[in-house]
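In: what's the 3D shape of this:
(4 chains)
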2 protein chains.
Amino acid sequence: MGTRKGRPARKKPDAYHHGDLRRALLHEAVRTIQTHGVAAVTLRSVAETLGVSRTALYRHFADKQALLGAVAAEGFRTLRASLVAAWEGAGRGRVGFEAMGRAYVRFALDHPSHYRVMFGSGAVAPETAPDDPGGAAFQALVDALVELQQRGEVRPDPPLLLALYVWAVVHGIAMLALDGQLDESAPQAEALMDFANARLRTGIATALD
Amino acid sequence: MGTRKGRPARKKPDAYHHGDLRRALLHEAVRTIQTHGVAAVTLRSVAETLGVSRTALYRHFADKQALLGAVAAEGFRTLRASLVAAWEGAGRGRVGFEAMGRAYVRFALDHPSHYRVMFGSGAVAPETAPDDPGGAAFQALVDALVELQQRGEVRPDPPLLLALYVWAVVHGIAMLALDGQLDESAPQAEALMDFANARLRTGIATALD
DNA sequence: ACCTGAACACCGTTCAAGT
DNA sequence: ACCTGAACACCGTTCAAGT
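Out: Coordinates of the predicted model:
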């Protein structure tokens, strides 16, 4: 803020040529999703609370779906940060891996609507990616598994396949919780994740026959 | 069809007092979802293709969400039938169990939009239930696991917890595939399910230490 | 470049009214 | 009981126009 190099300071910021409408739109959409759900995200209401015309959005996003795509991308960045923090914070290794799983489920429980948008039919396919935050979040999981393989703690299967399997487990738990399929969602979801961590290690069979 | 016992045959069915508008609405909604996705399910279009007023639906469903709830319930009944058929058809046991997993994923791949509605935010909570088809589908999984436990082939953990874990795995694979997170969805989803069946048995660790 | 204002083609839902 | 028709309060998106 204040003056910028080589650009004459504007007398009055002129209300709305406010330079970062894109970021403001994105932030407002995320906020609305968190507090009132996706259905409440209306181009009209978002524009109004920002004090901007209903159609101003089209300068920054192709359409509403593009806005939601950006919301999803931001969600994946936050998710990735949570996963890495859990992994590092628990000192990596098997304990770190289990912490990652718990962090994943907790993220979904803490941001249910946002999480839903991230996996909504919008399909944030990799081609959209100058950075592909979804892929980056997944990569954090792959990296952890490779490290565990190098320590000889995880079977030497193709890391991609292993990572997809683990992702399916945590994503499945998250979705079941969000859809209200677990009674008393939050506690049972965490208990289920603890059980999942144990079963990921040893499976469900009684013996190796 | 034809004459019904004890009821005077109607001369002309009178176009629309056609008695089973409810069923017709439900069928048309399912058909549209399958062919054009949920977004195409519009009360207006459904009514029009049925030759009925736009508001006739409100005699049979509280609102659009109730219609989609009925669509979800029907989906769960079909899913349950597929699971049971796979389990029985493969002669139960561990082979039957693995067949159930594959049948689950195949159902989702074959009815992507319908599957999405089944787990959409609508929340077909158990209180809606005169029959609760979602619970019945889940029960088929619980029953199979209990039977495997009785044979000593699955660890004697609480069946509910085991079933939730397995459900999370198949649901997670299904959702990842539907969201386009797997390249070449169909084949990779089935390969992932095969891997999942193996990992459900023995887990991902290298040893039992 | 960035934003506005009016207009368009859609929605789900209500409500009094018809048979 | 079951259905209609008009009306209401919403949508996302377009397009010519302003600065």
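In: Toward the C-terminus, what is the element adjacent to the longest helix anywhere in chain A?
Out: In chain A, with assignment by DSSP state H, the single longest helix is helix A:64-89. On the C-terminal side of helix A:64-89, the closest following helix or strand by DSSP states H and E is helix A:93-110.
In: which helices and strands does that next one pack with?
Out: In terms of contacts (3 or more Cβ pairs under 8 Å, 6 or more residues apart in numbering or on different chains; DSSP states H and E), helix A:93-110 is packed against helix A:64-89, helix A:133-150, helix A:159-178, helix A:185-202. Heads up, the C-betas are built off the backbone N, CA and C, glycines and all.
In: hang on, the earlier thing: in the longest helix of chain A, what counts as buried?
Out: Going by neighbour count (16 or more other Cβ atoms under 10 Å in any protein chain shown), the buried part of helix A:64-89 is A:67-76, A:78-80, A:82-84, A:86-87.
In: Does chain B have contacts with it?
Out: No. Helix A:64-89 is not in contact with chain B by Cβ under 8 Å from any Cβ of the partner chain; minimum separation 10.5 Å.
In: tell me what that helix is packed against?
Out: Using 3+ Cβ pairs under 8 Å, 6+ apart as the contact criterion, the neighbours of helix A:64-89 among helices and strands are helix A:21-36, helix A:93-110, helix A:112-118, helix A:133-150.
In: now that helix against helix A:133-150, angle please.
Out: If you take axes from the mean of the first three to the mean of the last three Cα atoms, to 10 degrees, helix A:64-89 sits at 20 degrees to helix A:133-150.
In: from the middle of its chain, how far away would helix A:64-89 be?
Out: 3 Å (Cα atoms, centre = their mean, to the nearest Å).
In: Confirm that residue A:58 sits in a strand.
Out: No. When the secondary structure is assigned by DSSP: H, G, I helix; E, B strand; the rest coil, residue A:58 falls in helix instead of a strand.
In: follow-up on the earlier one: I'd like the helices and strands packed on helix A:64-89 as TSV, with mean pLDDT, mean neighbour count and distance to residue A:194 appended.
Out: Listed next are these as TSV, based on pLDDT from 0 to 100; neighbours: other Cβ atoms under 10 Å in any protein chain shown; distance: least, Cβ to Cβ, whole Å:
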stretch	mean pLDDT	mean neighbour count	distance to residue A:194
helix A:21-36	93	17	27
helix A:93-110	96	19	8
helix A:112-118	92	22	20
helix A:133-150	92	18	18
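In: Of those helices, which is nearest residue B:92?
Out: Judged by Cβ to Cβ, the one of the helices and strands packed on helix A:64-89 that comes nearest to residue B:92 is helix A:93-110, at 31.6 Å.
In: Distance-wise, check residue A:205 relative to residue B:142.
Out: Separation of residue A:205 from residue B:142 (Cβ to Cβ, to the nearest Å): 18 Å.
In: Just the pLDDT at residue A:3, thanks.
Out: In this prediction, residue A:3 carries a pLDDT score of 30.
In: for residue A:51, same thing?
Out: Per-residue confidence (pLDDT) for residue A:51: 87.
In: List phi and psi for it.
Out: Listed backbone geometry of residue A:51 is phi 70, psi 40, with angles given as degrees, to the nearest 10.
In: How many neighbouring residues does the residue of chain A found nearest DNA strand C have?
Out: For chain A, the residue positioned closest to DNA strand C under Cβ to the nearest atom of the strand is residue A:53, at a distance of 2.4 Å. Neighbour count of residue A:53, defined by other Cβ atoms under 10 Å in any protein chain shown: 11.
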